[in-house]
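Chemist: all I have is the shape, not the residue letters:
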């Protein structure tokens with residue numbers, strides 16, 4: 001049974017000459033309950049006497065086109081791009097590397113691969129002229 005039906009039944013049981021009987025402890029209507037504010041908001045006002053809801057007097061006719069334009073999605077791409085491109089502050093590379101290394105974990109999966117040292121292409125110390133000189137001295141070819 002709902003609380004409103006129970007309240008109605010208690011009101012019918014009241015003695016007419018005494019006034020209102022105190023409600024049972026479970027149905028107190030004070031503002032101390034957590035749901036009291038929500039219930040007061042949901043309660044409808046009694047209709048005022050002499051006023052009909054069927055009249056159009058005092059109502060503002062809303063234009064469907066205006067409502068559509070009000071609720072239409074706005075594209076903020078251009079303003080966002082200008083905002084993003086406006087700030088060109090670039091941090092120092094050494095500082096960013098330091099921050100990245102501090103945030104990197106200690107696990108192997110978090111470590112960057114080791115960079116191998118670049119090998120110089122193997123070349124000879126001797127020039128072409130040195131080889132000719134060596135041929136002349138060793139083989140005796142003029």
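Modeler: It's in. All figures in this text were calculated on a predicted structure; none of them were measured in a lab.
Chemist: make it CA atoms for all contacts and neighbour counts henceforth
Modeler: Fine.
Chemist: how about residue 110: what's its closest non-neighbour residue?
Modeler: Leaving aside its chain neighbours, residue 110 sits nearest to residue 104 (6.1 Å; criterion: C-alpha to C-alpha, 6 or more residues apart in numbering).
Chemist: that neighbour: neighbouring residues, count only.
Modeler: 12 (other C-alpha atoms under 10 Å).
Chemist: likewise for residue 81?
Modeler: 10.
Chemist: and it, what's its pLDDT?
Modeler: The model reports residue 81 with a pLDDT of 91.
Chemist: quick check: the gap between it and residue 91.
Modeler: 21 Å (C-alpha to C-alpha, to the nearest Å).
Chemist: and if you look at residue 57?
Modeler: 65 Å.
Chemist: swap in residue 123?
Modeler: If you go by C-alpha to C-alpha, the gap between residue 123 and residue 91 works out to 41 Å.
Chemist: likewise residue 131?
Modeler: 54 Å.
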